[in-house]
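Novice: Fold the following.
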Amino acid sequence: MNSTPPSALRITFRDDVAIALRDLAAGEHVSVAGAGITLLEPIARGHKFAVRAIGASQPVRKYGWPIGRARHDIAIGAHVHTHNVSTGLSGLDEYRYEPATPPQSPPRSAASFMGYRRSNGRVGTRNEVWILCTVGCVGRTAERIARLGAQRFAGRVDGIHAFAHQFGCSQLGGDLDRTRRLIAALACHPNAGGVLIVGLGCESNQLDKLLAGIPPQEREHIRSFAAQASGDETEAGLRALEELVAIAERAQREACPMSDLSIGLKCGGSDGFSGITANPLVGRIADRVTAAGGAAILTEIPEVFGAEQLLMERAASREVFDGIVSVVNDFKDYFLRNNQAVHENPSPGNIAGGITTLEEKSLGAVQKGGHATVTQVIRYAERTNQPGLTLLEAPGNDGISSTALVAAGATIVLFTTGRGTPLGFPAPTLKISSNSALAQNKPHWIDFDAGRVLTGEDVEHVTNEFLQLILATASGQPAKNELNEEREIAIWKDGVTL
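Specialist: The predicted model follows:
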């Protein structure tokens, strides 16, 4: 029996390319789906080479879909990348409502986790006190209050954390409104058993207007004050924390079904393996969570371009389909209004990792949503309110989109990466590496190695193991970002600054 691991992988029989699973040399003879191919040039790990001749201007297929068009003739065994493939994306598109037959859902899981059930019925995976700011001017104040509060009230809640940002003043119109709505949404998050909102007093994001955007029934666990109106803002903050900790510590973990789980789906620093290992793994988890009646939230709209039809055909209704069309074309129009091409992606790190076009990146990225039905489309700073797969309006930027996922209600963020990042967000942020080398080199960043499937490990076994990690994390086991104290928020700004 030959136990030598394969050198390359073709994902579907329709693909024109295969992916190198290790660095391959020019002249090396490799077997792909039973056919022998001699490489015409070196192929780096994660990069692509042609498995059939591709004529100039012809589509180049990966995942069974076009990822661009050949700039010129490409011979079998040649490197396929940015030098010989161009994007097919340009402007706005028209779409037809053509729902596909829903795939069979996985069996409903009886798995559970130990969560915090809130009075509104939502379930948190943490019982923390969060300090939020109306404006960047009081960010350091909030951090000081959190630091002193963590010392004074140690052990009574799962943590006390401040989330500073740089906005809230010199903003106008919709830009200011989005900042306000995002902070209000975070204040309602089930992972926060208590919330302190620190204002300044003279900022555009006035404290009373922000609080007015929070439903009255959600304000029982919220306290606030303006620093300009307080003689000693630090002591005022600590007094408020004392009240909030007393409220939060009444909560106790209890057994909760997977239907109470809300997961955010995110990829950052993708490479050529992301769409083969990490993103499909997260997609299988999304299928299991939604089949159980839970919620999965997918965002990064610019990283849907070129693969949006895969989501549209899974829309639960014509209304949801129209919502997907609207959010996709609105985002394309946002690019065009700012004189930017809609395909201004992938990033330099993506390209170095083997991703050639935005279509390729998107086809890999949407796999995080699995095969679940899209039940809802929400705009930036809105909260999901139903089970199933939700599509959330937000850009691809890691900080902005991950913050939006948490604000939308994600109590755990599943963050796939092929390049690695230390980033973390208010909710536990599990990092899933697309390749084993990253997991080995950055064990203090990476929570789970999805690259193991490339060496032949059983996909179902790896999925079950990852689900157990998610449930353990939901029950209180710290994610690497929490151990490293990597928590932050970022706000999407696209308007005028005074």
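Novice: now the worst-scoring helix or strand of the chain on mean pLDDT: how far from the chain's centre is it?
Specialist: Within the chain, no helix or strand scores below helix 348-352, which has a mean of 89 by mean pLDDT, DSSP states H and E. The offset between the C-alpha centroid of helix 348-352 and the centroid of the whole chain comes to 19 Å, using C-alpha atoms, centre = their mean, to the nearest Å.
Novice: now do stretch 381-400
Specialist: Its chain's C-alpha centre lies 9 Å from the corresponding centre of stretch 381-400 when counted by C-alpha atoms, centre = their mean.
Novice: Tell me the span between the first and last residue of that stretch.
Specialist: For stretch 381-400, the separation between the terminal residues is 11 Å (C-alpha to C-alpha, to the nearest Å).
Novice: In it, which residues are buried?
Specialist: Residues of stretch 381-400 classed as buried under the neighbour-count rule (16 or more other C-beta atoms under 10 Å) are 381-384, 387-396, 398-400. For the C-beta atoms, the positions are set from N, CA and C on the backbone; glycine is no exception.
Novice: Can you name every helix or strand that the helix or strand that contains residue 198 contacts?
Specialist: Per DSSP states H and E: residue 198 is located in strand 192-199. Counting contacts by 3 or more C-beta pairs under 8 Å, 6 or more residues apart in numbering; DSSP states H and E, the secondary-structure elements packed against strand 192-199 are strand 128-133, helix 139-152, helix 173-187, helix 207-212, strand 222-226, helix 233-248.
Novice: any idea what the residue nearest the centre of the chain is structurally, helix, strand or coil?
Specialist: Nearest to the geometric centre of the chain sits residue 266, at 1.7 Å (C-alpha atoms, centre = their mean). In three-state terms, and counting by DSSP: H, G, I helix; E, B strand; the rest coil, residue 266 is strand.
Novice: Ramachandran coordinates for the nearest residue to it once chain neighbours are set aside?
Specialist: Closest residue to residue 266 in three dimensions, ignoring its sequence neighbours and counting by C-beta to C-beta, 6 or more residues apart in numbering: residue 415, at 4.7 Å. In this entry, residue 415 is assigned phi and psi values of phi -120, psi 110 (degrees, to the nearest 10).
Novice: for residue 415, what are its contacts?
Specialist: With contact taken as C-beta atoms under 8 Å, 6 or more residues apart in numbering, residue 415 is in contact with 266-268, 402, 421, 423, 429-432.
Novice: Check residue 304 too.
Specialist: By C-beta under 8 Å, 6+ apart, the contact set of residue 304 is 311, 328, 362, 365-366, 391.
Novice: Over to residue 313?
Specialist: Contacts were defined as C-beta under 8 Å, 6+ apart; by that measure residue 313 touches 98-100.
Novice: switch to 6 Å and redo it
Specialist: Residue 313 makes contact with 99-100 under the criterion C-beta atoms under 6 Å, 6 or more residues apart in numbering.
Novice: okay, the angle between the strand holding residue 198 and helix 139-152?
Specialist: 140 degrees (axes from the mean of the first three to the mean of the last three C-alpha atoms, to 10 degrees).
Novice: Tell me the strands beside strand 192-199, with direction?
Specialist: Strand 192-199 pairs in its sheet with strand 128-133 (parallel), strand 222-226 (parallel), by DSSP bridges.
Novice: closest to residue 275 out of those?
Specialist: For the strands paired with strand 192-199, proximity to residue 275 was assessed by C-beta to C-beta; strand 128-133 is nearest, at 33.9 Å.
Novice: what is the mean pLDDT for that closest one?
Specialist: Across strand 128-133, the average pLDDT comes to 98.
Novice: now swap in stretch 183-191 and tell me
Specialist: Per-residue confidence for stretch 183-191 averages out to 98 on the pLDDT scale.
Novice: Please put the alpha-carbon coordinates of it into PDB.
Specialist: Extracted in PDB, the C-alpha atoms of stretch 183-191 (Å, rounded to 0.1, in the frame of the first residue of the first chain):
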ATOM      1  CA  ILE A 183     -22.400  50.700  20.000                       C
ATOM      2  CA  ALA A 184     -26.100  50.200  20.900                       C
ATOM      3  CA  ALA A 185     -26.100  46.700  19.400                       C
ATOM      4  CA  LEU A 186     -22.900  45.700  21.300                       C
ATOM      5  CA  ALA A 187     -24.600  46.900  24.500                       C
ATOM      6  CA  CYS A 188     -27.400  44.300  24.000                       C
ATOM      7  CA  HIS A 189     -25.000  41.400  23.400                       C
ATOM      8  CA  PRO A 190     -25.800  38.300  25.500                       C
ATOM      9  CA  ASN A 191     -22.100  37.800  26.500                       C
END
